[in-house]
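[1] Make a model of this:
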Amino acid sequence: MSVRLRNERLVVTLATIPSRVSKIRPVIDSIKAQTRKPDQIYICICKFCAWEQSSYDVPEWLAEDGEVQLVVSRRDYGPANKLLSMLHEEPNPATRIVIVDDDWSYNPDMLEVLQERFEHYQRCAIGSSGARLPRKWSVMEARIGPEIHATPQMRHHLIFVAESPEDHVVDILQFGFGAMVLREWFDDDIYDLVQPLEPLYFSDDVMFSGYLESKGVKRVCVSGMPLPRLLDHWNVRPLHGEGRATRNYKAAIPEISSTLNIWSPETLFNPPRPPALSVLKYWALRAIRKAHRVAIRPLLRRAGLPAVRERK
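    Presented below is the predicted three-dimensional model:
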C-alpha cells in the first residue's frame, strides 16, 4: 500500500489522434492500475486534427468511462494537446500533473515513484528520460542503463538517457515516458508558442522543456524508473537516429531558443573531447553501416536473401 505524501491533487493527462483513439484502452488500464491512484485522468483531443486532417470518432467505452474526463480543445496543439488542453481544468497551482503518451503501458508504481522523487526535488520537473543539449549536434542517440557509460559522448551527439543509475539535470525532458510538473509553472503565454504544423507542433518535449527553462524550472531525469512497455499493436518509428524526430528537434530547438531567449550556445553543454580511439571506432562503424546500407543490402535484396537489420 502506497503512502500518500501530503494531500496534493495528482492528475494524469495524455493526448491522442483520430487513428489511435479507439486503441488506447491498455494505456488507460495501466494508469488505473497504479499503486498511487490518480485523482483524475484526462484524455485530450481537439475538434479537428490538422496532422491527420480528420475529426475524432470517440468510442462508446471511452465516452462512458467515469474515471476519465475527455477534454476537447477548439484549437489543435499537436502532441502538446496532452498538457495545453487540460490546464484550464486544473486551476489549483499546487496540482501535480503527470504527462504520458498514448502508446505505452506504464509500470504500476510510476505515479508513486514520481510523487516521491518530486517531493524530494521540490521545485524541479522530473521524468525518466532526458538529455543535456550540446552546443553543436547533428545526431540523436538513446542510451539505456549500461549503455550510458559504455562509450564516451561524441561532441555532435544529442544523447537521451533512461534507466540511469544516477539522477541527471537535463535540458530536454522526455515527457511521454512519464514526467511530473506543477500546475503553477504554466501561464497563458504557453499557448502562443505552438502553431499548427510548425516545428514546435511536432516537438512537445522541446516546447515544454524550453518553456520551463524560461521560467527558471530545472528538469531532472531521475534514477530508479524503468521505461514503460511499448504497446504491441503500435507500429512506431524509432525515436532517435537520423529520421523525422531528429529533423523536428533541429527545427524546434532554434525556434524556441530565439523566441524565449534561452539556451544560448555559451551556456550549453560542451562535452569533453573523447579519446582518439573512440573517435576512430565511431567513424569506422559509421562507414561500415553506410556500406551495408548503400552496397551490401541492395545486393542481398537482388539475390533474394534476407538482409540483417541494423541496430537502431
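
[2] What ranges does the stretch 151-300 of the chain have for its strands?
    Assigned by DSSP state E, counting those that start in this stretch, the stretch 151-300 of the chain shows strands spanning 157-162, 168-170, 172-173, 179-182, 218-221, 229-230.

[3] The third one - what's its average pLDDT?
    Right, the one you point to is strand 172-173. The average pLDDT within strand 172-173 is 98.

[4] From the chain's centroid, how far away is it?
    Distance, stretch centre to chain centre, for strand 172-173: 8 Å (Cα atoms, centre = their mean, to the nearest Å).

[5] heads up, I number from 55, so please use that
    That works, and once the first residue is 55, the last one we named lands at strand 226-227.

[6] which helices and strands does it pack with?
    Other helices and strands packing on strand 226-227, by 3 or more Cβ pairs under 8 Å, 6 or more residues apart in numbering; DSSP states H and E, are strand 178-181, strand 183-185, helix 258-268, strand 272-275. C-beta: built from backbone N, CA, C; applies to glycine.

[7] try the first one
    In terms of contacts (3+ Cβ pairs under 8 Å, 6+ apart), strand 211-216 is packed against strand 183-185, strand 193-198.

[8] what are the ranges of the helices in the stretch 105-254 of the chain?
    114-117, 135-138, 164-175, 253-256 (DSSP state H, counting those that start in this stretch).

[9] how about the ones you listed, which one is nearest A87?
    For the helices of the stretch 105-254 of the chain, proximity to A87 was assessed by Cβ to Cβ; helix 164-175 is nearest, at 10.1 Å.

[10] In stretch 134-148, which residues are buried?
    134-141, 144 (16 or more other Cβ atoms under 10 Å).

[11] and if you look at stretch 120-129?
    Here stretch 120-129 shows 122, 125, 127 as buried, counting by 16+ other Cβ under 10 Å.

[12] do stretch 181-199 as well
    181-188, 191, 194-197.

[13] How about stretch 153-172?
    Going by 16+ other Cβ under 10 Å, stretch 153-172 has these buried residues: 153-161, 163-172.

[14] start to end distance for it?
    14 Å (Cα to Cα, to the nearest Å).

[15] Stretch 124-132 too?
    16 Å.

[16] Can you list the neighbours in contact with that stretch?
    96-105, 112, 116-117, 135, 138-140, 143, 245, 248, 250-251, 255-256, 258 (Cβ atoms under 8 Å, 6 or more residues apart in numbering).
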